[in-house]
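Asks: Sequence isn't available, so here's the structure alone:
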């Protein structure tokens, strides 16, 4: 028998190959075309909102549909505040949970805990919202009241910026924790053993050998959580208090870009109102793109040389 | 790909088949949704006609009837002349129920049926009356001990016909409100104070949870959530209970109702002052697109039934009935619907 170099099968094989490629290209372009199409539709339908208010649409604070004023800054700010606040609360908790599961807990405990955390990610947001209204808000109201009275703020009602941050934090913890745990587990054992051999304590191993190595992956998880926090609509709408104004303090009711769209789109009567809501949708899309883009840069910078 | 195309064609064909006289599609207001659901279920039982109603909101109801993607739209706010002009044909409004909006509250120690005036409600929602023992509230409720407690106003965060009726009333009774917040029926406004709950259930839930709160919901939600609600003084000085559906129905009889029923009758001189119609919107000339005479007939039969037998369901579900001159005018509107110029 002659030694042959393996070659693609002749005949139908190459035709199948071409066909497969065509299908793949077609399917991939559907995704691209869809993304492009909805950006264009959002921009076209929202353009008149930008046209009427100019930069005021993004930087002005007067949202008064009854009198024809549509300035969306309070909602843009609301989206940023809730998302960043949620991250500040969620990241330490999620990181602690993932370190516990990956480095400290014995298997019989680590697996169920990991499973439970992942289960949290599967809960529908309406359930989170209801939980927020009936459990989280009543439970934190005494703290909110104490905080308001000690800082001289007006009495909080419960729903507001703080409640939304807290609820979002709970919602994004599973994303950050699950990804962090996976990347921490992927840190080669050589890395840990080398550090131990140098006489490092467990904390020092984690601090100097594990976390720097897993940093990019953990950030990826954080970005995913941030994306979820920016886009989350229903649960936030249920606990944020939905006031069309810039929050006076951490506990006051306000709104986010997605919550104002969800609350008002169904009954928006005038064309100006509808186009303003669509315009907010476009701003939300841009914000999401910018955040993702920045995140990619950060991850690229922080990825240690020689790792994937 | 080919298979996908075939599947798509089959699906489209199925939709086309569904557009026969035995199926009627509608979309719009969520406020009358429980009522329509019950009406349509009973109508289906007696006639076999299937009605698909999407409770997507009044705004979407108006948009969809203009776009002719549904057989009827439903809205808590009537279409103004400007909007009617954007439709490809004449649209008529058929009132189907009257909704009453009551002020609900959670004040420890306060009895049910506290008395309110429109001005007091406006002052509360403007943030000018901030305590339950404010002299203006105490004066209306002599003999009731009201606590020194901050008022927490609660409103609907989603655009809603309920809000439209409530703020329309406030703008009629308070020049302060009309000057600073809104005029006429508006489905959402810039609330000077307070916190917003999603949907009626959200408002009811917030009021139930928050000590010192006041909110506004349709009567049915006040009753279902066992919330205390106030009686409101109408323009003749009488305190009227929005839970009394006879008083609610009476309000639409108050002034000379226009023949097309497009009117807001809040602050009426008889009956309960915070109430309004909810309408079904259909084209006066039913011959448009690919509609058949059977489809048009089927739709008109439904509307006739809703104004006759259907009205018996209204009070069971805490909606005001269309009655008296309003009923006569509604029936006249339905009989004016034509197909190809001929009455149906």
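Replies: Arrived safely. Predicted model only: the values in this text are computed from it and were never measured.

Asks: low-scoring stretches of chain B, by residue?
Replies: B:1-21, B:254-255 (pLDDT under 70).

Asks: Return the residues of it in contact with chain A.
Replies: B:1, B:30, B:56-60, B:62, B:77, B:83, B:150, B:152, B:157-161, B:167, B:181-183, B:186-191, B:194-198, B:202, B:205-206, B:209-210, B:213 (CB under 8 Å from any CB of the partner chain). C-beta here means a position set from N, CA and C on the backbone, and glycine is covered the same way.

Asks: Buried by neighbour count, from those: which ones?
Replies: B:30, B:56-60, B:62, B:77, B:83, B:152, B:157-161, B:167, B:181-182, B:186-191, B:194-198, B:202, B:205-206, B:209-210, B:213 (16 or more other CB atoms under 10 Å in any protein chain shown).

Asks: Centre of the chain to stretch A:147-155, how far?
Replies: 30 Å (CA atoms, centre = their mean, to the nearest Å).

Asks: Kindly report the same for stretch B:331-341.
Replies: How far stretch B:331-341 lies from its chain's middle: 24 Å, per CA atoms, centre = their mean.

Asks: List the contacts of it.
Replies: B:92-94, B:259-261, B:282-287, B:291, B:293, B:296-297, B:300, B:303-304, B:307, B:343-344 (CB atoms under 8 Å, 6 or more residues apart in numbering or on different chains).

Asks: What residues sit buried inside that stretch?
Replies: For stretch B:331-341, by 16+ other CB under 10 Å, it's B:331, B:333, B:334, B:337, B:338, B:339.

Asks: Then stretch A:203-218?
Replies: Neighbour-count burial for stretch A:203-218 [16+ other CB under 10 Å]: A:205, A:206, A:209, A:210, A:211, A:213, A:214, A:215, A:216, A:217, A:218.

Asks: start to end distance for it?
Replies: Between the opening and closing residues of stretch A:203-218 there is a gap of 18 Å (CA to CA, to the nearest Å).

Asks: re the thing from before, let's have the buried residues of stretch A:203-218 in JSON lines, adding distance to chain B.
Replies: Converted to JSON lines, the buried residues of stretch A:203-218 look like this (distance: CB to the nearest CB, whole Å):
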{"residue": "A:205", "distance to chain B": "48"}
{"residue": "A:206", "distance to chain B": "43"}
{"residue": "A:209", "distance to chain B": "48"}
{"residue": "A:210", "distance to chain B": "44"}
{"residue": "A:211", "distance to chain B": "41"}
{"residue": "A:213", "distance to chain B": "45"}
{"residue": "A:214", "distance to chain B": "40"}
{"residue": "A:215", "distance to chain B": "39"}
{"residue": "A:216", "distance to chain B": "39"}
{"residue": "A:217", "distance to chain B": "37"}
{"residue": "A:218", "distance to chain B": "35"}
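
Asks: any idea which of those residues is the one closest to residue A:47?
Replies: Taking CB to CB as the measure, residue A:47 lies nearest residue A:216 of these, at 38.5 Å.

Asks: Show me where chain B has its helices.
Replies: B:2-18, B:33-47, B:58-66, B:81-85, B:118-126, B:135-140, B:161-173, B:175-180, B:199-209, B:219-224, B:245-251, B:293-307, B:311-316, B:324-335 (DSSP state H).

Asks: what's the closest non-adjacent residue to the one residue in the stretch 1-150 of chain B that gets nearest to chain A?
Replies: Using CB to the nearest CB, the single residue of the stretch 1-150 of chain B nearest to chain A is residue B:57, 2.6 Å away. Setting aside the residues directly before and after it, residue B:57 is nearest to residue A:266 in space (CB to CB, 6 or more residues apart in numbering or on different chains), at 2.6 Å.

Asks: Surely the one you found touches residue B:157?
Replies: No. Using CB atoms under 8 Å, residue A:266 makes no contact with residue B:157, being 11.9 Å away.

Asks: Please state the offset of the longest strand seen in chain B from the chain centre?
Replies: Secondary structure of chain B per DSSP state E: the longest strand is strand B:91-106. How far strand B:91-106 lies from its chain's middle: 4 Å, per CA atoms, centre = their mean.

Asks: How about stretch B:316-330?
Replies: Distance of stretch B:316-330 from the chain centroid (CA atoms, centre = their mean) equals 13 Å.

Asks: Domain-wise, how is chain B divided?
Replies: If you go by automatic domain parsing, the domain ranges for chain B are B:2-99+B:275-343, B:100-251.

Asks: Show me which residues of the helix or strand where residue A:290 lies are buried.
Replies: Using DSSP states H and E, residue A:290 sits within helix A:271-302. For helix A:271-302, burial by neighbour count (16+ other CB under 10 Å) applies to A:272-285, A:287-288, A:291, A:295, A:299.

Asks: out of those, who's near chain B?
Replies: residue A:274.

Asks: could you dump the buried residues of stretch A:203-218 to a markdown table with secondary structure and distance to residue A:187?
Replies: Formatted as a markdown table, those follow (DSSP: H, G, I helix; E, B strand; the rest coil; distance: CB to CB, whole Å):
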| residue | secondary structure | distance to residue A:187 |
| --- | --- | --- |
| A:205 | helix | 10 |
| A:206 | helix | 10 |
| A:209 | helix | 8 |
| A:210 | helix | 5 |
| A:211 | helix | 9 |
| A:213 | helix | 5 |
| A:214 | helix | 5 |
| A:215 | helix | 10 |
| A:216 | helix | 12 |
| A:217 | helix | 9 |
| A:218 | helix | 11 |
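
Asks: Just flag the most distant two among these.
Replies: The widest separation within those (CB to CB) is 18.8 Å, between A:205 and A:216.

Asks: Could you tell me the single residue of the stretch 201-344 of chain B that sits nearest to chain A?
Replies: Counting by CB to the nearest CB, the stretch 201-344 of chain B gets nearest chain A through residue B:210, at 5.6 Å.

Asks: Near residue 45, how many other residues are there?
Replies: Going with chain A. Per other CB atoms under 10 Å in any protein chain shown, the neighbour tally for residue A:45 reads 17.

Asks: wrong one, chain B
Replies: Neighbours of residue B:45 under the rule other CB under 10 Å: 8.
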